[in-house]
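Undergrad: Provided below are the primary sequence and the corresponding predicted coordinates.
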Amino acid sequence: MSTTDWIVLVITLAGIILYGLYKSRTEKNLEGYFLSNRSMPWYLVLLSIMGTQASAITFLSAPGQAFTDGMRFVQYYLGLPLAMIVLCITFVPAFSKLRVFTAYEFLEQRFDGKTRLFTAALFLLSRGLSTGISIYAPSIILSSLLGWNIYWTNVIMGGMLIIYTVTGGARAVAYTQQLQLVIIFLGMFLAGYLVVQQMPEGVGFIDALKVSGASGKMNVITSGFKPGGGFDWKDKYNIVSGLIGGFFLALSYFGTDQSQVGRYLTAKDDSESKWGLLMNGLVKVPMQFLILLIGVLLFAFYQFKPQPVFFNDAVSEQVYHTSYGDSLKQVQRQHEEVMRKQQAHVQQFLAADHSGDEVTKDSEASLMRDMQGQANTLKAKYKYYLQKADAAIDVNDTNYIFLKFVVDYLPKGLVGLLIAIIFLAAWGSIAAALNSLASCTMIDFYCRMSKTEFRQCGKEDGLQQYRVSKWVTAGWGIFCIAVAGFANRMGSLIEAVNILGSLFYGVMLGIFLVAFYMKRIGGTAVFISSVIAQLIVIALFALDSYGVTGIGFLWFNLIGAALVVVLAWLLQSIGGKAVA
Amino acid sequence: MTNETADRKKWQVKYAAVVIVLALLIVFFAWLTNYFE
């Protein structure tokens, strides 16, 4: 990085920390620290919800995902707007009426203490682990770009973030997220613009989409059905899994994950919460579409410019010095040759398109796909050699595709800004996560255990609890940094986070669905069913990992939720008053 | 019509608007897929 980039990076990050500290003045009690005194307008709730969900992973992985797999990942978000409607009708009024601090507090009111603690524990486990990944995501940039030790980078990244999160609580989190999103959108728009601008002369935005489309990257909507007929249950992203699986994932995430519930509980009243959620439903899909579009444009860009066979240079460099170095270089040369031929076909494809010659266009498109197939085979071969050289090497380079473009092609200053954006996106979601992990620990465990009366938390010793909350926030920050140290073998980070979510969210959602819609079911029935359901979901995931079953992870949400509902109903029907 | 009913109606219109926008987005995405693939 140049000095200009360093200056831009440091100023942006320092600015956010200072702004966070400036906005840290809250009332020194639990309501002030965790809910910003329930004073936020809908647009701040919206930005806070978006800033919490859109982590660095979103901006790092999504363009890479589109580059390798096309636009179809956007379907994963199609169920989200529908989930927002259900939240507005059911969850928001219930939480608002009881004026809860956490979603799990509601469960004690509806069921009993053990169900509340079990659900809160599931949240702490899943959110604690996935926040670790959210710290690791931006850290790989620094370690790969600057050659820093990844573990120390995690420590520095998490440490800077803790400063304003501990000091300012929910208020500092919401205000910094607002500023962060403005900078993020500006930077991503600039990056997208520069991808198109750096295409060869005569190749515009639509041409780029046509090139990517001919290679199968504009697969925005896919049916999920196999060419021979029958639904492909292993296919992760299609309109069916997106609408149904995505709906349940979004419902669980926004309805049962305190990192999100804590954002809309900061609203002035339930009307402001609903507005924030509904607007999130409206803007999230187009936003994700645009981020993925950058990946598709990058794909087209690399049809004209030299495309690396593998985007993580640091790993390649490491293996060049081993006995597999020559094999790698040979594959690289073959890849360059294939890409040269590909480039010629791409140019002929565009020429045919411009002249209206449909026959040549179709045949060139077919040749482009053949070349792409050959390039993919060579890429697989390259990864095979990398793993042969060192089995511990992470051969997934999805997260490096966008970054490599940024470093190689963006002008001075913008590289620093884009790297700052990755930090800011990470900080937005990590800050909300730490705040919610602390609120859950304080309200559902520390406070609940020290009070014999339900809902007495925060009624007295406000200042003392405020001080403890700060320590708890810092403690979770340190825990997440430790988890980040183990996150480097999780493949595509955006998928790792979603898989983690899918493992636990389904069961959590099932508990809440029973709470809202099955009034006659009691605490013991739902508690036993949720424990059994969680064990089944984990077993299914293990079987899937070993290739025994073939269920895409998005379905775990639906399975987990359905299991809790059905088992609770059965138990209640059989057990009667004994499980009430 | 009570205030509560009017408020509920108002929100129902907003929910319907979100569903319509989602449906339009899906149609647009399907068109994009068909056009560029």
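TA: On my side now, so go ahead. Since we're looking at a predicted model, the values are computed, not measured.
Undergrad: What residues does chain A have near chain B?
TA: Proximity of chain A to chain B (CB under 8 Å from any CB of the partner chain) is limited to residues A:74, A:78, A:81-82, A:84-85, A:88-89, A:209-210, A:212-214, A:216, A:218-222, A:239, A:274, A:278, A:281-282, A:285-286, A:289. Every residue, glycine included, has its C-beta placed from N, CA and C.
Undergrad: Run through the residues that contact the residue in the stretch 401-550 of chain A positioned nearest to chain B.
TA: The nearest approach of the stretch 401-550 of chain A to chain B comes at A:Phe516, 17.0 Å away (CB to the nearest CB). By CB atoms under 8 Å, 6 or more residues apart in numbering or on different chains, the contact set of A:Phe516 is A:Thr90, A:Phe91, A:Ala94.
Undergrad: Next, count neighbours for the second one.
TA: A:Phe91 is surrounded by 24 other residues when neighbours are defined as other CB atoms under 10 Å in any protein chain shown.
Undergrad: now the helices: where do they sit in chain B?
TA: For chain B, the helices defined by DSSP state H occupy B:3-36.
Undergrad: how about A:Ser36, what does it touch?
TA: Here A:Ser36 is in contact with A:Thr26, A:Gly169, A:Ala170, A:Arg171, A:Ala174, A:Thr266 (CB under 8 Å, 6+ apart).
Undergrad: run the last query once more with 7 Å
TA: A:Ser36 sits next to A:Thr26, A:Ala170, A:Arg171, A:Ala174, A:Thr266 when contact means CB atoms under 7 Å, 6 or more residues apart in numbering or on different chains.
Undergrad: can you tell me which of those residues are in helices?
TA: Using DSSP H, the subset of the contacts of A:Ser36 located in helices is A:Ala170, A:Arg171, A:Ala174.
Undergrad: does the residue nearest to the last one when sequence neighbours are not counted belong to a helix or a strand, and which?
TA: Think A:Ala174. Using CB to CB, 6 or more residues apart in numbering or on different chains and skipping the chain neighbours, the partner closest in space to A:Ala174 is A:Ser48 (4.5 Å). For A:Ser48, the element it lies in under DSSP states H and E is helix A:42-53.
Undergrad: what mean pLDDT does that helix have?
TA: Averaging pLDDT along helix A:42-53 yields 92.
Undergrad: other SSEs contacting that helix?
TA: Using 3 or more CB pairs under 7 Å, 6 or more residues apart in numbering or on different chains; DSSP states H and E, the elements in contact with helix A:42-53 are helix A:150-197, helix A:258-264, helix A:270-304, helix A:414-440.
Undergrad: Please compute how far the helix or strand that the third one is followed by lies from its chain's middle.
TA: When you say that, I think you mean helix A:270-304. Scanning forward in sequence from helix A:270-304 by DSSP H and E, the next helix or strand is helix A:313-320. The chain centre lies 28 Å from the centre of helix A:313-320; the measure is CA atoms, centre = their mean, to the nearest Å.
Undergrad: Just the CA atoms from helix A:313-320 would do, formatted as PDB, please.
TA: What follows is helix A:313-320 as a C-alpha-only set of coordinates in PDB (Å, rounded to 0.1, in the frame of the first residue of the first chain):
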ATOM      1  CA  ASP A 313      -0.800 -14.800  -4.100                       C
ATOM      2  CA  ALA A 314       0.600 -15.500  -0.600                       C
ATOM      3  CA  VAL A 315      -0.400 -19.100  -0.800                       C
ATOM      4  CA  SER A 316       1.000 -19.500  -4.300                       C
ATOM      5  CA  GLU A 317       4.300 -17.900  -3.200                       C
ATOM      6  CA  GLN A 318       4.500 -20.300  -0.300                       C
ATOM      7  CA  VAL A 319       4.200 -23.400  -2.500                       C
ATOM      8  CA  TYR A 320       6.500 -22.100  -5.300                       C
END
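Undergrad: Only the buried residues of it, if you could.
TA: For helix A:313-320, the neighbour count (16 or more other CB atoms under 10 Å in any protein chain shown) marks A:Asp313, A:Val315, A:Ser316, A:Val319 as buried.
Undergrad: ok, back up a step: pipe the helices and strands packed on helix A:42-53 into TSV and attach mean pLDDT and mean neighbour count per row.
TA: Converted to TSV, these look like this (pLDDT from 0 to 100; neighbours: other CB atoms under 10 Å in any protein chain shown):
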stretch	mean pLDDT	mean neighbour count
helix A:150-197	87	21
helix A:258-264	91	28
helix A:270-304	93	22
helix A:414-440	89	27
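Undergrad: Indicate which one of these is closest to B:Gln12.
TA: helix A:270-304 (12.0 Å; CB to CB).
Undergrad: what's the angle between the closest one and helix A:150-197?
TA: Helix A:270-304 and helix A:150-197 are oriented at 70 degrees to each other (axes from the mean of the first three to the mean of the last three CA atoms, to 10 degrees).
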